[in-house]
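> model this:
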Amino acid sequence: MSATDFRLLHGRLHAARAGGPERGALATITPQQVLTAAAEVRSGRAVSLAAPVQTTPAPDAPDPARHQLTAPVDSEPPGDALHFARDRFAMNVHNDVDSHLDALCHVIWDGTLYGNLPADSFTSTGAGALSLDLTHDGIVGRGVLLDIPRLNGVPWLEPGTQVTTEELAAAEAAQGVRVGRGDLLFVRVGHRRRRIDLGAWDVTRARAGLHPTTLEFAAARQIAALGCDSNSDPAPSAVDGVAFPVHVLAVHALGLHLLDYLQFEELAPQCAQQGRWSFLCVVAPLRLPAATGCPVNPIAIL
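Presented below is the predicted three-dimensional model:
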């Protein structure tokens, strides 16, 4: 896709966005839709959509999260009195391996944020607009998983593969489900399965993801959020001169919170076994009001 065509697509999507300036596409989730989503629970099975946090260096994690036990230490074994085990955790949130959520302030495009807000509210203490605080009540709704490797009869899509709109529609038909307004759409490309089976690789150079035109599907269905077991954007990029076109279109044009590097290797078999690909989904981001994102552990309840 040329840079000119990409800008035209961005303009169309921005004009077609379903959410308002306050909460972005999360505004498409109504209380009635949450009640309807709760009716998706039949077996009571809860499944995590997050991968374990990476704390050791790897080709896709040159700067892994740091987890340190601060007490007790080896030189101070606990005695008979009361003691507390304590630890400290630090993470580069927007990395290429850990499951995390992108706030609407995460993407700056042409000097603006989503809704054409000026990108001048950042300070050393955090973001002043469209921060993670928009999700302080959580994200609760109907989740839908579209399994593209399953559609194609393969365990995963090879790095560099770009999922098309036609494949999303075909997965809907094959799985007997339809994505609708206010849904949390999750797209499996098999990134985690490949990493488990073959080991980590440099995903900055090659990873499967969505073609930018699939955001027209997202806009037409008026989804509330988008998640993937990759980071949604394929590498190499499909657009000349734009490294993360799906991020720009999803966050900046449509106001979609993105959930990157999830894992569906427990959910997909459960969906296949139960013969349904929709479920109640609960996402509870951290209360970090001025943050641009946070690690997250979405829970699917079938």
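> pretty sure V34 contacts G138?
No: contact criterion CB atoms under 8 Å: V34 and G138 do not qualify, at 10.3 Å. (C-beta placed from N, C-alpha, C; glycine too.)
> P212: what's it in contact with?
Contacts for P212 (CB atoms under 8 Å, 6 or more residues apart in numbering) come out as M1, F6, L9, A238, V239, P245, V246, L249.
> With F279 as the reference, measure out to the nearest residue to the last one once chain neighbours are set aside.
Taking CB to CB, 6 or more residues apart in numbering, and ignoring the residues beside it in sequence, L249 has L215 as its nearest neighbour in space, at 4.2 Å. Between L215 and F279 the computed distance is 23 Å (CB to CB, to the nearest Å).
> Ok, A39 next?
Counting by CB to CB, the gap from A39 to F279 is 11 Å.
> out of those two, which sits in the more crowded spot?
F279 (27 against 9; other CB atoms under 10 Å).
> Quick check, that one in contact with G143.
Yes: the pair F279 / G143 is scored as a contact, 5.1 Å apart, by CB under 8 Å.
> hey, what's in contact with both of those two?
Going by CB under 8 Å, 6+ apart, residues that sit against F279 and also against G143 are A300.
> Could you list the low-confidence segments of the protein?
Scanning the chain for pLDDT under 70 picks out 75-78.
> now the helices: where do they sit in it?
3-16, 31-38, 148-152, 165-175, 191-198, 214-221, 245-247, 267-274 (DSSP state H).
> Name the nearest residue to the residue nearest the centre of the chain, sequence neighbours excluded.
Geometric centre of the chain, nearest residue: L259, 1.1 Å, by CA atoms, centre = their mean. Among residues not flanking L259 along the chain, G227 sits closest, at 3.4 Å (CB to CB, 6+ apart).
> What is the neighbour count of that neighbour?
28.
> cool, and A200?
Neighbourhood size, A200 [other CB under 10 Å]: 16.
> roughly how far apart are it and E22?
When distance is defined by CB to CB, A200 is 39 Å away from E22.
> For this protein, which segments count as strands?
46-48, 66-71, 86-90, 100-102, 139-147, 162-163, 184-188, 209-210, 225-228, 257-260, 278-283, 293-295, 299-301 (DSSP state E).
> Can you say which of those strands is packed in most?
strand 209-210 (a mean of 30; mean count of other CB atoms under 10 Å).
> so P57 touches R66, yeah?
No: judged on CB under 8 Å, P57 makes no contact with R66 at a distance of 11.1 Å.
> Quick check: nearest residue in space to Q162, chain neighbours excluded?
H211 (4.2 Å).
> mind listing what the one you found touches?
Here H211 is in contact with Q162, V163, T164, T165, P234, A238 (CB under 8 Å, 6+ apart).
> just V34 next, same as before
V34 makes contact with V140, G141, according to CB under 8 Å, 6+ apart.
> Tell me how far it lies from A90.
For V34, the distance to A90 - CB to CB - is 34 Å.
> Kindly report the same for E167.
E167 is 38 Å from A90, by CB to CB.
> try E166
42 Å.
> Which residue comes closest to Y261 once chain neighbours are left out?
Per CB to CB, 6+ apart, closest to Y261 is S99, 5.2 Å.
> is the residue nearest to L259 in a bridge, and if so with what?
Using DSSP bridges, the bridge partners assigned to G227 are F186, L259.
> so it sits right up against L184, yeah?
Yes: between G227 and L184 there is a contact under CB under 8 Å: 6.8 Å.
> on that earlier part again, distance to D110 added to the strands of the chain, as TSV?
Formatted as TSV, the strands of the chain follow (distance: least, CB to CB, whole Å):
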stretch	distance to D110
strand 46-48	37
strand 66-71	35
strand 86-90	32
strand 100-102	18
strand 139-147	27
strand 162-163	24
strand 184-188	26
strand 209-210	22
strand 225-228	22
strand 257-260	19
strand 278-283	29
strand 293-295	21
strand 299-301	36
